[in-house]
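> Could you look at this predicted model? Sequence included:
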Amino acid sequence: MKKPLAYLGIAVLSMTALVMIGVVVITFMITKIDGANERLAVREEERSSLEDGWLSAHGNEKIITLHIENVEIEGTTGTLEWFESEGSEGTVHFEIKSDDRISYLANRSNFPENVTSYPMYFRQAIESAIS
């Protein structure tokens, strides 16, 4: 009678130890993720303040609209045609890397000079053309 109780006690203690180890690991992971999210928020604030400072320093008070006309993708390369409300236009050549990064070929591309956030709009247009 004592042997089954001893085995049952060992099994309960083992399960308790596993649960405790799991709680410690999960707590550690949550702490790491929270720290990473805080660092990301700080970086985003810094980037935003730098962008605001750049915009105010350059006196860009007129509203310029960027229009993306055509996105063509062939395999891992493609082109994107754009024009802006100021009359400028151009073509951007890009390459899609294996880890879904988009690399712009600067020596073959014309980028908008008056729209500071064009990479975000280009990425959105390319991602929508991919899907």
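Noted; the coordinates are in hand. Residues are numbered from 1 along each chain as shown.

> Helices of the protein, residue ranges please.
2-57, 118-130 (DSSP state H).

> Enumerate the positions of the last one that are buried.
Neighbour-count burial for helix 118-130 flags Y118, Y121, F122, A125, I126 (criterion: 16 or more other Cβ atoms under 10 Å). For the C-beta atoms, the positions are set from N, CA and C on the backbone; glycine is no exception.

> doesn't N70 make contact with the fourth one?
The reference is to A125. No: using Cβ atoms under 8 Å, A125 is not in contact with N70; the gap is 9.4 Å.

> Common neighbours of those two, please.
Shared contacts of A125 and N70, defined by Cβ atoms under 8 Å, 6 or more residues apart in numbering, comprise L80.

> And the chain, what are its domain boundaries?
Per the record's domain assignment (automatic domain parsing), the chain is made up of the domains 1-61, 66-130.

> Give the rounded mean pLDDT of the last one.
Taken as a whole, domain 66-130 has a mean pLDDT of 85.

> Could you work out the end-to-end span of that domain for me?
End-to-end distance for domain 66-130: 20 Å, by Cα to Cα, to the nearest Å.

> try stretch 71-84
First-to-last residue span, stretch 71-84, Cα to Cα: 16 Å.

> Buried residues in that stretch, which are they?
Going by 16+ other Cβ under 10 Å, stretch 71-84 has these buried residues: V71, G78, T79, L80, W82, E84.
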